[in-house]
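>>> The following block contains a protein sequence and its predicted model.
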Amino acid sequence: MQLDLRTLCFNLMVFSTIFGVGMILYAKKHKSFVGIRVIGWGQLLLGLGALLLALRHLINDFTSIMVANLVIYIAVILIYRGLLRFLDIPLPFKGYLGPLLTVLLAGFLYYYKFHVPNINIRIVAFSTLFSVLCFIAVFGLSKYTKECGRTAIRIVAFMFFAVGIFHVFGALWTIFQAQLQDFMKAGLFSSLSVIAAEFIVILTTYATIWIATETLQSALSEMARTDSLTQLYNRRTFEEYCAVEISRAGRNNSIFTIIMCDLDHFKHINDQYGHPFGDEVLKIFAQILRNNVRKQDVVARFGGEEFVILLPDTDSEQGLTVAEHLRETTLSTRVPTEDGSDLSFSVSFGVAHYSRSDNEWKAVLSRADKALYAAKKQGRNRTVCM
């Protein structure tokens, strides 16, 4: 079986250029993703190296051998480095090994072209060092621990491993092969090497877009479930949790408590210090709520300065204790103002627990709301349980 190496190099150049430009444009559109631009430039460089390789005998040897192979090698370094950066994985061996191997390759290529010409040794040197590069990429990708895109990363890691093994066998095969007189007629191994490079371009692009898409979908889903200012759950998400909790209570005879809370005189804070400061107060209070409840508790911004907490497996007495702790913690909190003074603020709480007579969770919420109204009516900065 014989494949035309020059044609394959041109094909690789076209593939790499198209994918490289696409990745760079994608990175420009989605600036929150780091590393994709580096992958794109690596693919463009790979295309340039393939083009210079295809022009063998049409341009000078230094460019078609030295420059072409080094550009291809550096391109793959950029591709796997960009991929690791995109995945937020530290570079293996502090990133020193890639440049060191490039210098080593340059020495082999120069010596065995211009001092002791030997095509076989040049192929062995390139294949050996290229396989090391692939194994470095596999080692780096093995550090990926996130769930998002794990399948895609496994595919890419397997691809780098397979390409690395292929080049190891290629180097061994070339050692025992008859002395080559023309690289463009080096045979099947060189042709398959170009095809392997196409797999690197295609699968790294595929994995990157796969993970980026999953990340964007996850972010959009999270935005739909959370309040943009406080990063707490929003009302819709809270209602979903309540529906699940009352269903569980009906099946398991469990209980739950809902706490409603409202910042006292919040309009006065906005009027005196401005809405940006008011937003800061809301974020601080949201942090107080987050830091003082259990992991299984659900905290949400219900609207405006009103917040709500769902406490699974909690009776009203325990809920009252939680609310009182939150009230005292809030009252002791100081918020720096622009004039150098500290502002303290208070919160009123209403507590209600699930009763067997409740047909829906909204009945519990309604009682908690009435308790909150009673706390406000009794002078604010207090907790009422119903």
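On my side now, so go ahead. Numbers count the residues shown, from 1 in each chain.
>>> Which residue ranges of this structure form strands?
Counting by DSSP state E, the chain has strands at residues 256-263, 298-303, 306-312, 335-336, 342-343, 347-353, 383-385.
>>> of those strands, which approaches Thr237 most closely?
Between Thr237 and the strands of the chain, the tightest spacing by Cβ to Cβ is seen for strand 298-303, at 6.5 Å. C-beta coordinates here come from the backbone N, C-alpha and C atoms, glycine included.
>>> quick one: buried residues of that closest one?
For strand 298-303, the neighbour count (16 or more other Cβ atoms under 10 Å) marks 298-302 as buried.
>>> and what of stretch 155-167?
The neighbour-count criterion (16+ other Cβ under 10 Å) identifies 156-157, 159-161, 163-164, 166-167 as the buried residues of stretch 155-167.
>>> List the contacts of it.
80, 83, 127-128, 130-135, 137-138, 141-142, 192-193, 196, 199-200, 203-204, 206-207 (Cβ atoms under 8 Å, 6 or more residues apart in numbering).
>>> now do stretch 370-379
Stretch 370-379 is contacted by residues 260-262, 264, 348-352, 382-386 when judged by Cβ under 8 Å, 6+ apart.
>>> And for stretch 202-219?
Residues outside stretch 202-219 that contact it (Cβ under 8 Å, 6+ apart) are 15, 19, 22-23, 26, 30, 33, 36, 39, 43, 79-80, 83, 86-87, 148-149, 152-153, 155-156, 159.
>>> try stretch 264-276
Here stretch 264-276 has contacts from 263, 277-278, 281, 304-305, 337-338, 343, 345-348, 376, 380-381, using Cβ under 8 Å, 6+ apart.
>>> quick one: the helices in the stretch 151-300 of the chain?
Taking DSSP state H, counting those that start in this stretch as the criterion, the stretch 151-300 of the chain carries its helices at 188-225, 235-252, 266-273, 275-291.
>>> Tell me how far the closest residue to Leu45 other than its chain neighbours lies from Leu48.
In space, and not counting its chain neighbours, Leu45 is closest to Ala75: 3.7 Å by Cβ to Cβ, 6 or more residues apart in numbering. As judged by Cβ to Cβ, to the nearest Å, Ala75 and Leu48 stand 8 Å apart.
>>> Which one's more surrounded, those two?
Comparing Ala75 with Leu48 by other Cβ atoms under 10 Å, the one with more neighbours is Ala75, at 24 against 19.
>>> Skipping adjacent residues, who's closest to His353 in space?
Leaving aside its sequence neighbours, His353 sits nearest to Ser316 (Cβ to Cβ, 6+ apart; 4.0 Å).
>>> try Ala68
Leaving out its chain neighbours, the residue that sits closest to Ala68 by Cβ to Cβ, 6+ apart is Leu52, at 3.7 Å.
>>> burial of the one you found, as a residue count?
Neighbours of Leu52 using other Cβ under 10 Å come to 23.
>>> And for the one 5 residues further on?
The criterion is other Cβ under 10 Å. On that basis, His57 has 10 neighbouring residues.
>>> Could you report the pLDDT at it?
His57 is assigned a pLDDT of 86 by the prediction.
>>> measure it to Leu5 for me?
Look at His57 and Leu5: by Cβ to Cβ, they are 12 Å apart.
>>> now the contacts of stretch 202-219: which count as buried?
By 16+ other Cβ under 10 Å, the contacts of stretch 202-219 give 15, 19, 23, 26, 33, 36, 39, 43, 79-80, 83, 86-87, 148-149, 152-153, 156, 159 as buried.
>>> ok, Cys148 - contacts?
Going by Cβ under 8 Å, 6+ apart, Cys148 touches 211, 214-215, 218.
>>> cutoff 6 Å now
214-215 (Cβ atoms under 6 Å, 6 or more residues apart in numbering).
>>> So for it, what's the pLDDT?
83.
>>> Now Lys143. Nearest residue, chain neighbours left out?
In space, and not counting its chain neighbours, Lys143 is closest to Ile89: 4.9 Å by Cβ to Cβ, 6+ apart.
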